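K.L.:
Starting from these lines, generate the structure:
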Amino acid sequence: MSFHVVSDPAEVREVMRRTEDFLPTNALTSVVPLAPAALRILSRARFALPPVLASATGTKHRDVRKLVAGFFTPAKVAAIGPRVRELTRERTAATAELLHHGPVDLADAVAKHVPPVIMAELTGVRCPDLDILKRWSRDSLELFWGWPAEDRQPALAESAAEFYGWLRGEVAASRGTASLFGVLDAAGLTPSEICSLGYFLVIAGQETTAQLIGTSFYRALQEPGRWQHLAAGARAGAGAGAGATNGSRTGAAPFVRQVLATESSVHTWRRAVGRDTRLGGTELPAGAEILLELSGNHPLDTGGTAYSLAFGHGLHRCLGAKLAELETVLVLEETARALPSVGLTGPEPEWLRLLSFQTPLTVTVEREEK
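P.N.:
Model (predicted):
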């Protein structure tokens, strides 16, 4: 599949504003055509992703978006800050003990644990076993945003079908509740529509945030003095009270925004040309595939706003943007405060590199000699 790549941030915003010319209909389409064996597996599971949120437009999209946004209001996000700190402190305490026995992977020991719990508490949709959730998430990302070989696709499809079956059970169990799925059911969405929304939201709400935390860990530890600066600032912030959540005095927030602007975990996104049109001097035919580069192309003098495009723009801007940023800032801050004397160890990590997702697969650290 070939894409017309849009790198200029102003043009990326233009594409996202021109919702009649550039459609989100390919947002959840697999990058490579799925083989018959994989399609049969998905079909047996009644796997379907009808357009609801990420791949939808029009009045229904706006109505559903309002319902989902109610679970991620600024007040609710701000109120969850102390819980993020609490969970991170639990994880870093366990990690400190592990470090007495050798190197530890911060991506596995800390980053992956906090976002799923926070997402479950905000939405009322329970969190499955963490290791299973991570397998489902990684496999689904590879299936739809990777380039899996034909003989690899059936295993990924089995995992996606298993995940979808779990979602279908959660949707049924949520009827009549105040959870996100229960609210969507009461609003008249069909089970397949709720599963479609949940399929992406459950992944995006925790996996991409964990990826962002992992990248932030890695880059902060790579930069001489950065980790110690964050640790010192976090201690000062802690002195302001356990409820402090903005991280601004510690330097964590500006650093996370730098990571978002340069190498966000969701670094690209797709659009399809809805009708013959023109963009930046290029004629684009209806049906052409667009790849929007969301991070990595911003000039340095943008007044601190370059990071925001990492979460999209306009009608499809990520509803969890502030939550993902807050979680990353606080987890980075608390981890640096609790583990100030660690440094990277071992070989350069391998990276997850998919069309729209990226992160170091490991962030291995050890205690440094004083």
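K.L.:
which residues of the stretch 251-370 of the chain fall in helices?
P.N.:
With DSSP state H, counting those that start in this stretch as the criterion, the stretch 251-370 of the chain has helices at 252-263, 321-338.
K.L.:
can you tell which of those helices is closest to residue 186?
P.N.:
Residue 186 lies closest to helix 321-338 among those, at 23.5 Å (CB to CB). For the C-beta atoms, the positions are set from N, CA and C on the backbone; glycine is no exception.
K.L.:
angle of that closest one against helix 252-263?
P.N.:
120 degrees (axes from the mean of the first three to the mean of the last three CA atoms, to 10 degrees).
K.L.:
Using CSV, write down the CA coordinates of helix 321-338.
P.N.:
Extracted in CSV, the C-alpha atoms of helix 321-338 (Å, rounded to 0.1, in the frame of the first residue of the first chain):
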residue,chain,number,x,y,z
ALA,A,321,-5.0,13.5,25.5
LYS,A,322,-4.8,15.3,28.9
LEU,A,323,-5.0,12.0,30.7
ALA,A,324,-2.1,10.4,28.7
GLU,A,325,0.0,13.5,29.3
LEU,A,326,-0.8,13.7,33.0
GLU,A,327,-0.1,10.0,33.5
THR,A,328,3.2,10.2,31.7
VAL,A,329,4.4,13.3,33.6
LEU,A,330,3.4,11.8,37.0
VAL,A,331,4.8,8.4,36.4
LEU,A,332,8.1,9.9,35.1
GLU,A,333,8.3,12.2,38.1
GLU,A,334,7.5,9.6,40.7
THR,A,335,9.9,7.0,39.2
ALA,A,336,12.8,9.5,39.0
ARG,A,337,12.1,10.5,42.6
ALA,A,338,12.0,6.9,43.9
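K.L.:
can you redo the helices of the stretch 251-370 of the chain as TSV with distance to residue 124 and mean pLDDT?
P.N.:
Below are those laid out as TSV (distance: least, CB to CB, whole Å; pLDDT from 0 to 100):
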stretch	distance to residue 124	mean pLDDT
helix 252-263	27	94
helix 321-338	15	97
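K.L.:
deepest of these, which one?
P.N.:
helix 321-338 (a mean of 25; mean count of other CB atoms under 10 Å).
K.L.:
Now tell me what touches stretch 140-153 from outside.
P.N.:
28-32, 34-35, 37-38, 156-157, 159-160, 163, 199, 203, 207, 352, 354-357 (CB atoms under 8 Å, 6 or more residues apart in numbering).
K.L.:
where's it relative to the chain centroid, distance-wise?
P.N.:
The chain centre lies 19 Å from the centre of stretch 140-153; the measure is CA atoms, centre = their mean, to the nearest Å.
K.L.:
Quick check: buried residues in the helix ranked longest in the chain?
P.N.:
When the chain is parsed with DSSP state H, its longest helix is helix 153-173. For helix 153-173, a neighbour-count test (16 or more other CB atoms under 10 Å) marks 153-154, 156-157, 159-161, 163-164, 166-168, 170-171 as buried.
K.L.:
Thank you, goodbye.
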